[in-house]
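# pasting the sequence and the predicted coordinates here, then a few questions.
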Amino acid sequence: MEVATDALRLVHGLPRNSSLTVPSRSPVHPNRLFPTRTCRGPSTNAFLSSRRRRHGVFCRASAAGTQSKGLSESESAGQDRLMKVPISNIRNFCIIAHIDHGKSTLADKLLQMTGTVQKREMKEQFLDNMDLERERGITIKLQAARMRFVLEKEPYCLNLIDTPGHVDFSYEVSRSLAACEGALLVVDASQGVEAQTLANVYLALENNLEIIPVMNKIDLPGAEPDRVSKEIEEIVGLDCSNAIHCSAKEGVGITEILSAIVKKIPPPQYTAEMPLRALIFDSYYDPYRGVIVYFRVVDGTIKKGDRIYFMASGKDYFADEIGVMSSNQMQVDELYAGEVGYLAASIRSVADARVGDTITHFGRKANESLPGYEEATPMVFCGLFPVDADQFPDLRDALEKLQLNDAALKFEPESSSAMGFGFRCGFLGLLHMEIVQERLEREYNLSLITTAPSVVYRVNCVNGDTLECSNPSLLPEPGKRRFIEEPYVKIEMLTPKEYIGPLMELGQDRRGEFKEMNYITENRASLIYLLPLAEMVGDFFDQLKSRSKGYASMEYSLVGYRESELVRLDIQINGELVEPLATIVHKDKAYSIGRALTKKLKELIPRQMFKVPIQACIGAKVIASESLSAIRKDVLSKCYGGDISRKKKLLKKQAEGKKRMKAIGKVDVPQEAFMAVLRLEKEVL
Ligand SMILES: Nc1nc2c(ncn2[C@@H]2O[C@H](COP(=O)(O)OP(=O)(O)OP(=O)(O)O)[C@@H](O)[C@H]2O)c(=O)[nH]1
């Protein structure tokens, strides 16, 4: 099979008259010939436009055309990329890095160098294709791309699986690692090892991945690739003597990386004859075709039209379309063990095809699913209310749509006297929460009020029941509960040694329990604390950054629940409980939080005709109190001189009126006051 296009030769720097030969025999099973595959472009224009929207890439209309149309040179190069290579020439790899160390920039350069994405199609950070991701410069959802690279005249198929770089999405990182045989470990040579570098390396080692160290950003004046290599060797014990020096930004070292991927990362094992097992490492909702599932075939073969079965969700579908991801999705007829691809099967919600689930054949089920599947458990909750009550149905629609694409997002209706109707929503973490809020406001044009984030508490009741409670207003009365447990995380902070003091202070302030301190190098230390998750959902990360002048990094993982002395802090205004302002706090912090909240409310609530007490209470006990003085009307203004008894009578009448007004009067807490207090809660909690 000869693949000879000028475009490919150009990409791989070969002379014009050379030919690239693709062996079509499997080296593992030399007698087995791989069938030649017909590759089609994406099926409908509707699909194309949705893909364009998603990728933000505009492909020429002819790329979606059928084979009957004449293909231009670059298009036929695109088709060449899909040519079958033997399994020994497949490499599945991912890129792991700490946030901002240049993972997405490197991925872009790999795609460019291999000609997967033509320069004119290239937008910065091709793989980060949500606008929000691109704006924030963070990777939220992982994506995959199939690249073709020729080394010593041998073509290879490199499947890159991009991983999200934030702790909220660590489950997705672990699943994408499980779909690979190797990983590029990208470290910023001007910064060195950070907390997430370590966490990701350990995850990769657990998955038995071959790790290729890459020192990025060597173009920066402060880059010290050799020092950083040594640091990695000391901390992780990974041989970095051959670490590749690279500048993803300037395209230095990219070919070396591609060669190392081919030479060092092992090919997948040949298990195409076994019952199908494919690992889902990503899925997203396409309004035209239903859920699109990205998967790696671990064992067996999957063909178009197969009846497939999702082992965790128990759902079965027909695979209407299967294909591979190059710069666009390209349909194929079948995919074998070791390959990475996508499928569409008119699946209505991503919850039916969750990341980590195993796909098998309905008629020939695998005995065991692939390991590592976890249910998405929301860790952080908050209430979302529309500012304009009329937007409630819109908010519900928007959440339902987002949920189709985000199996980790949970929500249920909630109503409160002050805020009206809204939803209590559960998120994986704070970043996830911010992303959902921003998408609701930006993509669905909603303006929202969010209540302070809270975690899930476990309440052990007197009657022996255990309740999970994330909504302070639903916490059982003190008399009905025995004790409350809260989720704890183990947090590791990596910091230059001069900031150890301020970070230890931060750990103590947040009820942290000091566990360990180690010097990982002469100048950098690792601090390990056990900390209540509730203390982290506020501004912990901002504090860590500001106290270390931006030099410290952190990584955390949930370690379980622990009993804590928690209380519900209520706010009463004019004797009335204001439910949305209730919070669950530690007993020792209740006083300071109570004082701060009442003080803030006093500033924000407009004065009334009568005196308004503002109280923070734990149960019936008032722990902080402020009062809003009444607006006085001068009832004596019309009395010129006259008898003192007349004046007294008027004042008495006024006092009685105010008393009555107070008894029936309702204080309207303006929405701005709520918002300001909720913001304050987020800061002080
Ligand atoms: N000078 C220099 N800057 C680089 C290089 N590689 C990446 N950057 C810059 O570093 C910043 C972060 O790069 P990204 O590629 O977004 O980092 P990332 O690791 O993908 O970040 P997440 O998506 O948040 O995980 C960007 O501003 C890049 O332009 C490099 O080789 N040299």
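Done, it's in.
# report the central residue of the protein.
In the chain, the centroid-proximal residue (CA atoms, centre = their mean) is residue 169; its distance is 4.2 Å.
# ok and the residue in the stretch 501-650 of the chain nearest the ligand?
Nearest to the ligand, among the residues of the stretch 501-650 of the chain, is residue 553, at 12.3 Å (CB to the nearest ligand atom). In short, each C-beta sits where N, CA and C put it, glycine included.
# give me every residue that touches that residue.
Residues near residue 553 by CB atoms under 8 Å, 6 or more residues apart in numbering: 98, 194-196, 493-495.
# where does the prediction get shaky in this protein?
1-83, 118-143, 164-168, 327, 417-418, 641, 658-685 (pLDDT under 70).
# what's the longest strand in it?
strand 481-496 (DSSP state E).
# helices or strands up against that strand?
Strand 481-496 sits against helix 195-206, strand 457-461, helix 500-509, strand 524-532, helix 533-536, strand 553-564, with contacts defined as 3 or more CB pairs under 8 Å, 6 or more residues apart in numbering; DSSP states H and E.
# so how far is the ligand from residue 411?
Residue 411 sits at a distance of 26 Å from the ligand (criterion: CB to the nearest ligand atom, to the nearest Å).
# run through the bridge partners of that residue.
Judged by DSSP bridges, the bridge partners of residue 411 are residue 425.
# tell me how many other residues crowd it.
Neighbour count of residue 411, defined by other CB atoms under 10 Å: 22.
# now swap in residue 631 and tell me
Here the number of neighbours of residue 631 (other CB under 10 Å) works out to 10.
# how about residue 184?
26.
# contact partners for it?
93-96, 106, 211-212, 214, 257, 261.
# of all these, which comes closest to residue 489?
Nearest to residue 489 among the contacts of residue 184 is residue 96, at 21.1 Å by CB to CB.
# how far away is residue 403 from the ligand?
Note on residue 403: its distance to the ligand, by CB to the nearest ligand atom, is 24 Å.
# give me phi/psi at that residue?
Taking degrees, to the nearest 10, you get phi -70, psi -30 for the backbone angles of residue 403.
# nearest spatial neighbour of it, skipping sequence neighbours?
Leaving aside its sequence neighbours, residue 403 sits nearest to residue 409 (CB to CB, 6 or more residues apart in numbering; 5.1 Å).
# list phi and psi for the one you found.
According to degrees, to the nearest 10, residue 409 has phi -80, psi 130.
# shouldn't it be in contact with residue 398?
No. With contact defined as CB atoms under 8 Å, residue 409 does not reach residue 398; the gap is 11.1 Å.
# show me where the stretch 301-450 of the chain has its helices.
In the stretch 301-450 of the chain, the helices defined using DSSP state H, counting those that start in this stretch lie at 392-405, 430-443.
# reformat the ones you listed as CSV; add mean neighbour count and distance to residue 222.
Shown next, in CSV, are those (neighbours: other CB atoms under 10 Å; distance: least, CB to CB, whole Å):
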stretch, mean neighbour count, distance to residue 222
helix 392-405, 17, 40
helix 430-443, 19, 28
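# I'd like those helices as TSV, with distance to residue 116 appended.
Below are those laid out as TSV (distance: least, CB to CB, whole Å):
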stretch	distance to residue 116
helix 392-405	25
helix 430-443	27
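# residue 657 is nearest to which of the ones you listed?
Across the helices of the stretch 301-450 of the chain, residue 657 has its closest neighbour in helix 392-405 (38.4 Å, CB to CB).
# and the angle from the closest one to helix 430-443?
Here the directions of helix 392-405 and helix 430-443 differ by 130 degrees (axes from the mean of the first three to the mean of the last three CA atoms, to 10 degrees).
# contacts for helix 392-405?
Against helix 392-405 from outside (CB under 8 Å, 6+ apart): 284-285, 291, 348-351, 384, 386, 409, 411, 413, 420-423, 425, 436, 439-440, 443-444, 446, 448.
# mind checking which of the residues you listed land in strands?
Among the contacts of helix 392-405, DSSP E puts 284-285, 291, 384, 386, 411, 413, 420-423, 425, 448 in strands.
# from those, list just the buried residues.
Buried members of the ones in strands among the contacts of helix 392-405, counted by 16 or more other CB atoms under 10 Å: 284-285, 291, 384, 386, 411, 421-423, 425, 448.
# what's the burial count for residue 353?
By other CB under 10 Å, 28 other residues sit near residue 353.
# ok, now residue 180?
The burial count for residue 180: 26, using other CB under 10 Å.
# correct me if wrong, but it is in a strand.
No. Counting by DSSP: H, G, I helix; E, B strand; the rest coil, residue 180 falls outside a strand, being coil.
# check contacts around it.
With CB under 8 Å, 6+ apart, residue 180 has these contacts: 92-94, 161, 207, 209, 296.
# one more: residue 161?
Neighbours of residue 161 in contact, by CB under 8 Å, 6+ apart: 92-94, 142-144, 176, 179-180, 281, 296, 340.
# in strands, which of those residues appear?
92-94, 144, 281, 296, 340.
# out of the helices and strands packed on strand 481-496, deepest packed?
Across the helices and strands packed on strand 481-496, averaging neighbours per residue (mean count of other CB atoms under 10 Å) puts helix 533-536 on top, at a mean of 24.
# now do that helix: everything it contacts.
With CB under 8 Å, 6+ apart as the test, helix 533-536 has contacts from 379-380, 454-455, 486-489, 491, 510-512, 556, 558, 584, 685.
# identify, from the buried ones among the ones in strands among the contacts of helix 392-405, the entry nearest to the ligand.
Using CB to the nearest ligand atom, residue 284 comes nearest to the ligand of these, at 17.4 Å.
# for the closest residue to the ligand within the stretch 251-400 of the chain, which non-adjacent residue is spatially closest?
Proximity of the stretch 251-400 of the chain to the ligand (CB to the nearest ligand atom) peaks at residue 252, 7.6 Å away. Among residues not flanking residue 252 along the chain, residue 246 sits closest, at 5.8 Å (CB to CB, 6+ apart).
# and that neighbour, how many neighbours?
Neighbour count for residue 246, taken as other CB under 10 Å: 26.
# got a list of what it touches?
Counting by CB under 8 Å, 6+ apart, residue 246 touches 106, 214-216, 218, 252-254, 256-257.
# quick one: residue 169 and residue 428 touch, right?
Yes. At 7.0 Å, residue 169 counts as touching residue 428 under the criterion of CB under 8 Å.
# just the strands in the stretch 51-200 of the chain please.
Secondary structure of the stretch 51-200 of the chain (DSSP state E, counting those that start in this stretch): strands located at 90-97, 144-151, 154-161, 182-188.
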